[in-house]
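Provide a 3D model corresponding to the input given below.
(one chain, ligands or ions: 1)
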Amino acid sequence: MKTIKVVAAIIIDNGKVFATQRGYGEFKDGWEFPGGKIEEGETAREAIVREIREELDTEIQVEELLDTVEYDYPKFHLSMDCFICTVKSGDLVLKEHEAAKWLTKETLGSVEWLPADEGLIEKIREYIQKN
Ligand SMILES: Nc1nc2c([nH]c(=O)n2[C@H]2C[C@H](O)[C@@H](COP(=O)(O)OP(=O)(O)OP(=O)(O)O)O2)c(=O)[nH]1
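Prediction:
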């Protein structure tokens, strides 16, 4: 099966996490962490900085890799590096997504995550608890 390499930003501020809702495509209306595919010649960290600039008009600081999610969708294998990030500058403008929410560790489970993200949520809860 084909592997797609993706990066995602878990943007944290004051114990809250920024979640976005897909505005188009196969997973439209599903909730995710903003990000996208790594392009040729790019590192994962470069890719997440670029994606957040493109999708949200915001500059982020990449803090640490929280997890690499490996998940089999029917048509491809997803390998997704998920980075804890903070905002350096910008207002998280939704240029591609249809909605966004700041979720607490208590409300993280309240949205319909993309299938691959389900297992990540508990790890994010633990991270917030510790930090
Ligand atoms: N960004 C992101 N993608 C996710 C998450 N969970 C998950 O299964 N995915 C999947 C959905 C897509 O198949 C893939 C991301 O690809 P994408 O279509 O957003 O990538 P891209 O921005 O480079 O998009 P495009 O130019 O190809 O349209 O990863 C997540 O939390 N964040």
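
which residues does residue 1 contact?
Applying C-beta atoms under 8 Å, 6 or more residues apart in numbering to residue 1 gives the contacts 72, 75-77. The way it works is simple: take the backbone N, C-alpha and C, and place the C-beta from them, glycine included.

same deal with residue 103?
16-17, 19, 110-111.

of these, which belong to strands?
The strands, defined by DSSP state E, take in 16-17, 19 from those.

which residue does the chain bring closest to the ligand?
Nearest residue of the chain to the ligand (C-beta to the nearest ligand atom) works out as residue 36 at 2.5 Å.

which helix or strand contains that residue?
strand 35-37 (DSSP states H and E).

now the helix or strand following that strand: average pLDDT?
The C-terminal neighbour of strand 35-37 among helices and strands, as given by DSSP H and E, is helix 44-56. In this model, helix 44-56 has a mean pLDDT of 98.

list the buried residues of helix 44-56.
Buried positions in helix 44-56, judged by neighbour count with 16 or more other C-beta atoms under 10 Å: 44, 47-52, 55-56.

format those as TSV; extra columns: distance to the ligand.
Compiled in TSV, these are given as follows (distance: C-beta to the nearest ligand atom, whole Å):
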residue	distance to the ligand
44	12
47	9
48	9
49	14
50	10
51	6
52	10
55	7
56	12
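
JSON lines for these, including distance to residue 99?
Listed next are those as JSON lines, based on distance: C-beta to C-beta, whole Å:
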{"residue": "44", "distance to residue 99": "26"}
{"residue": "47", "distance to residue 99": "24"}
{"residue": "48", "distance to residue 99": "21"}
{"residue": "49", "distance to residue 99": "23"}
{"residue": "50", "distance to residue 99": "23"}
{"residue": "51", "distance to residue 99": "18"}
{"residue": "52", "distance to residue 99": "17"}
{"residue": "55", "distance to residue 99": "13"}
{"residue": "56", "distance to residue 99": "13"}
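
circling back: ok, how many other residues are close to the residue of the chain closest to the ligand?
Residues lying near residue 36 (other C-beta atoms under 10 Å) number 17.

pretty sure it contacts residue 6?
Yes - assessed by C-beta atoms under 8 Å, residue 36 is found in contact with residue 6 at 6.5 Å.
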